[in-house]
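Visitor: can't give you the sequence, but here's the structure:
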């Protein structure tokens, strides 16, 4: 007498149900059809970034450009300070030279008789010295205006940079919260899948124990 053992059908049906349960969690739609804000971010898979991540990257890039603008504005402000200092030194030296030349002219006229043309020529030289001093003063005033404009530009770029820094900070906070929520969702999903697998295994064991064995002669 030969005895053979047949595998019950419940075992095959349980295995197919388990495979169907495992594959049911896989999305049937392509990645391109998912909304950007709801696309899962899987590391190492090359999937598209979420919309919030793209927004964070854009704002960080803009913050870097604003920081670069602030550095340029500070450099321009420093150059304006140097130009003002240079113009003031030139004015001071010009006034000293004009005073010396004027004193030399008056010293040369003492105790002498001068013709009208000589006197007019002396007045012309004094007028030229005065105009030169006025031009130097105008240069200092222009340098001061340029420094004021540079200061205003620096303050404006600093305000823009502070605003972009705040936007980056808020976006980072939102992105961190989103990452935590997605991680929690993944953990809950994994827990549910493990519970389902455990229940399926338990049901399959119960079906094997309760099924009668058939023997053939």
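Guide: That came through, no problem. Since we're looking at a predicted model, the values are computed, not measured.
Visitor: Show the low-confidence segments of the protein, by residue range.
Guide: Across the chain, the ranges flagged by pLDDT under 70 are 1-49, 109-116, 206-217.
Visitor: show me where it has helices.
Guide: 9-24, 51-109, 116-210 (DSSP state H).
Visitor: and the second one, what does it pack onto?
Guide: Secondary structure elements in contact with helix 51-109, counted by 3 or more CB pairs under 8 Å, 6 or more residues apart in numbering; DSSP states H and E, are helix 116-210. The C-beta positions use only the backbone N, C-alpha and C, and glycine is treated the same way.
Visitor: Does anything pack onto the helix it packs on? Which helices or strands?
Guide: Identification of packing neighbours for helix 116-210 by 3+ CB pairs under 8 Å, 6+ apart yields helix 9-24, helix 51-109.
Visitor: winner for burial among these?
Guide: The highest average neighbour count among the helices and strands packed on helix 116-210, using mean count of other CB atoms under 10 Å, belongs to helix 51-109 at a mean of 14.
Visitor: now that one against helix 116-210, angle please.
Guide: Interaxial angle of helix 51-109 relative to helix 116-210 (axes from the mean of the first three to the mean of the last three CA atoms, to 10 degrees): 170 degrees.
Visitor: Make sure residue 158 is actually in contact with residue 70.
Guide: Yes - judged on CB atoms under 8 Å, residue 158 makes contact with residue 70 at a distance of 5.7 Å.
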